[in-house]
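**Student:** would you be able to build a 3D model of this:
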Amino acid sequence: MKVLLYNDMVTEYDIHELPCLESGYIDYCGRSQRLASLIMILNRISNATSLHLTDSTFQSIMLCYLHQLQLPVLHNLTHLTTEVSLIDWETVCTLLACTPNLVTLVFEKSPGPEPLEVLRENIWKPVPECLYSRIEVIEIKGLGSGVTSVQKDLLMHVLDVASCLKKMILHCAIDQDTIGGLLHSSNESVPTHGEHAMLANLEELLAWPRSSSNCEVELLSYVDDTLY
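**Tutor:** From the prediction side, this is the model:
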């Protein structure tokens with residue numbers, strides 16, 4: 001088997017060794033009494049090079065962290081896509097610490113709050129090894145009309161430490177003309193007060209120094225269907 005699609009919303013499945021697995025989609029409904037089962041699944045799929053973890057799976061990983069359960073190291077994983085809503089950066093770092101060779105990290109749009117909007121204090125250390133020594137692409141989908149102050153602070157931190165980062169891709173619900181104004185530092189296109197504060201945060205992020213001299217921040221426009 002090279003591809004695994006796992007969903008345990010109805011029943012729990014027993015997974016055996018999957019030595020040929022290349023990619024997996026894991027939708028795990030987390031409950032504290034079943035965390036050992038999640039760790040077993042992660043062990044079974046540890047050969048995969050690409051994984052997609054749903055928001056419920058990530059919440060289960062957060063429970064593992066809160067219960068001080070050790071997650072397996074996914075040495076082969078180079079591409080990780082995850083849906084993140086009410087998950088703080090500390091939990092993200094817990095998983096990244098188990099993916100030492102990760103190259104591409106994608107945060108998908110999920111129902112509920114925007115991605116990476118929940119943070120705790122004093123979460124900047126330790127920095128996962130893959131973040132400063134491996135990750136080349138970070139893509140964040142489902143952002144609103146710019147970035148919030150929380151998102152801005154977090155992304156600036158990432159730009160500070162990700163020394164191998166080549167591209168940060170941000171999908172924002174803004175039009176192409178506004179994106180053009182941001183990229184060309186047009187102050188007329190970027191209001192800096194009131195309801196447009198998130199655009200000002202985005203402008204500040206674009207001007208932020210980067211640890212990686214090869215890093216580009218790319219803005220992509222999308223239509224937010226929840227507004228209609």
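**Student:** low-confidence regions, the chain specifically.
**Tutor:** Within the chain, the ranges that satisfy pLDDT under 70 run 9-14, 30-33, 85-88, 110-125, 175-195, 223-228.
**Student:** quick one: the strands in it?
**Tutor:** Listed in chain order, the strands of the chain (DSSP state E) span 3-7, 23-27, 50-53, 79-83, 104-108, 137-143, 167-172, 216-221.
**Student:** with mean neighbour count and distance to L95 as extra columns, can I get the ones you listed in a markdown table?
**Tutor:** C-beta coordinates here come from the backbone N, C-alpha and C atoms, glycine included. Formatted as a markdown table, the strands of the chain follow (neighbours: other Cβ atoms under 10 Å; distance: least, Cβ to Cβ, whole Å):
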| stretch | mean neighbour count | distance to L95 |
| --- | --- | --- |
| strand 3-7 | 14 | 17 |
| strand 23-27 | 19 | 12 |
| strand 50-53 | 20 | 8 |
| strand 79-83 | 21 | 8 |
| strand 104-108 | 20 | 10 |
| strand 137-143 | 21 | 14 |
| strand 167-172 | 20 | 19 |
| strand 216-221 | 15 | 23 |
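**Student:** distance to P209 for those - can I get that in CSV?
**Tutor:** CSV is the format used below for the strands of the chain (distance: least, Cβ to Cβ, whole Å):
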stretch, distance to P209
strand 3-7, 41
strand 23-27, 35
strand 50-53, 31
strand 79-83, 26
strand 104-108, 21
strand 137-143, 17
strand 167-172, 13
strand 216-221, 12
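**Student:** which one of the ones you listed lies closest to H16?
**Tutor:** Ranking the strands of the chain by proximity to H16 (Cβ to Cβ) places strand 3-7 first, at 11.3 Å.
**Student:** what's in contact with that closest one?
**Tutor:** With contact meaning Cβ atoms under 8 Å, 6 or more residues apart in numbering, strand 3-7 is reached by 13, 15, 18, 21-28, 41, 45, 48.
**Student:** from those residues, which is closest to E216?
**Tutor:** Closest approach between those and E216, by Cβ to Cβ: S23, at 26.7 Å.
**Student:** return the set of residues that bridge with the closest one.
**Tutor:** V3, S50 (DSSP bridges).
**Student:** quick check: it touching L53?
**Tutor:** No - in this structure, S23 is not within contact of L53 by Cβ atoms under 8 Å, at 11.9 Å.
**Student:** ok so, going back, so which of the strands of the chain comes closest to P128?
**Tutor:** strand 104-108 (10.3 Å).
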